Structure formats: structure tokens, C-alpha cells
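**Q** here is a sequence with its predicted model. Questions after.
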Amino acid sequence: MADSKSQLGDLSARLLQATQRGTLGWDDLSDTAFETSLGRASVIVKSRDSDGSYPYELQLLNNSGVVVDSISMSRASDPWSRHEPELDALYEAARRNALDVDAIIAEALNALSPVEGERPVEDERPVEDEPPF
């Protein structure tokens with residue numbers, strides 16, 4: 001049986017991939033904690049000391065909201081520590097997704113007078129219900 005911490009490390013990598021592809025959305029729980037639902041489970045990625053930066057923690061919750069397992073950035077000797085870069089990137093990706101950072105930047109840029117010859121900035125979020133033609 002695989003080590004649960006290593007499995008959570010693998011989960012963090014897959015969550016990052018899905019978030020970057022635009023197929024997974026996140027909700028903000030606070031300024032420094034973000035949650036997504038996955039079937040009967042949900043995942044929270046957060047800044048462990050609530051300052052919005054390292055160290056980060058990933059929590060796996062059951063359908064009752066009980067934390068059933070977690071990993072956090074701590075010691076390089078932890079068996080899942082090879083996934084720390086993914087957890088770091090996942091926190092930033094979840095934050096950007098939950099807070100809709102890209103759309104807000106695009107709106108701010110478009111609110112400014114465009115430079116002559118420059119096109120308006122387009123929102124780069126994937127469109128989910130777009131016809132396939």
C-alpha cells in the first residue's frame with residue numbers, strides 16, 4: 001500500500017495540472033485558503049501561517065468536512081517533499097483561480113486608455129460552453 005503522504009503529493013500535482021488546464025475551479029475561504037470539491041472529498045490549500053506565503057498546507061476532507069489527511073511544507077526529509085514545488089505552484093494557481101485574478105487584470109488594463117494601435121486585453125480564461133467549431 002502506498003504511503004498516504006506520497007499519495008497526497010501526487011494529488012497536489014494532479015490538482016495543479018487540472019487547475020492550469022482550467023478544468024478545476026477553486027473557491028476562496030479566506031485571503032489565504034482555497035477549496036475545491038472532488039466527488040465526496042474536498043481539498044483545501046492554504047498558507048499554514050495565514051500570511052499568504054510559504055509554508056503551504058494541503059488538507060483532504062471527507063464529505064462531512066473532517067480533515068482526513070494533510071501534508072504541509074516542512075522538512076526536506078519528508079518522503080513527499082519532492083512535491084513541494086507542486087504544492088507551492090498549486091497554492092498560487094488556486095489563489096489566482098478563486099480570486100479571478102486574470103479577469104481582474106484584464107478589466108483594469110481595458111479600463112485604461114489604450115495605446116494607439118494596441119488591441120484591448122482579452123480574458124484568457126477557458127470558455128466551457130463554447131461550440132466546437
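**A** That came through fine. Quantities reported herein were computed from a predicted structural model and do not represent experimental measurements. Numbering: from 1, shown residues only.
**Q** this structure: helices as residue ranges?
**A** Per DSSP state H, the chain carries helices over the ranges 4-21, 84-98, 101-111.
**Q** what comes up buried for the shortest one?
**A** In this case it means helix 101-111. residue 106 (16 or more other CB atoms under 10 Å). To be clear about C-beta, it is placed using only N, CA and C from the backbone, and glycine gets the same treatment.
**Q** tell me which residue is most central in this protein.
**A** residue 94 (2.0 Å; CA atoms, centre = their mean).
**Q** what's near enough to touch that residue?
**A** Taking CB atoms under 8 Å, 6 or more residues apart in numbering as the criterion, residue 94 is in contact with 15, 19, 26, 34, 36, 45.
**Q** could you check how far it is from residue 103?
**A** 16 Å (CB to CB, to the nearest Å).
**Q** tell me where the model's unsure across the protein.
**A** For the chain, the stretches with pLDDT under 70 are 1-2, 74-83, 113-118, 120-121, 123-133.
**Q** now with 90, please.
**A** The model of the chain has pLDDT under 90 over residues 1-10, 53-55, 71-86, 110-133.
**Q** can I get the contacts of residue 94 in TSV with distance to residue 3 and neighbour count?
**A** Listed next are the contacts of residue 94 as TSV, based on distance: CB to CB, whole Å; neighbours: other CB atoms under 10 Å:
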residue	distance to residue 3	neighbour count
15	18	22
19	24	23
26	26	22
34	25	26
36	23	19
45	20	27
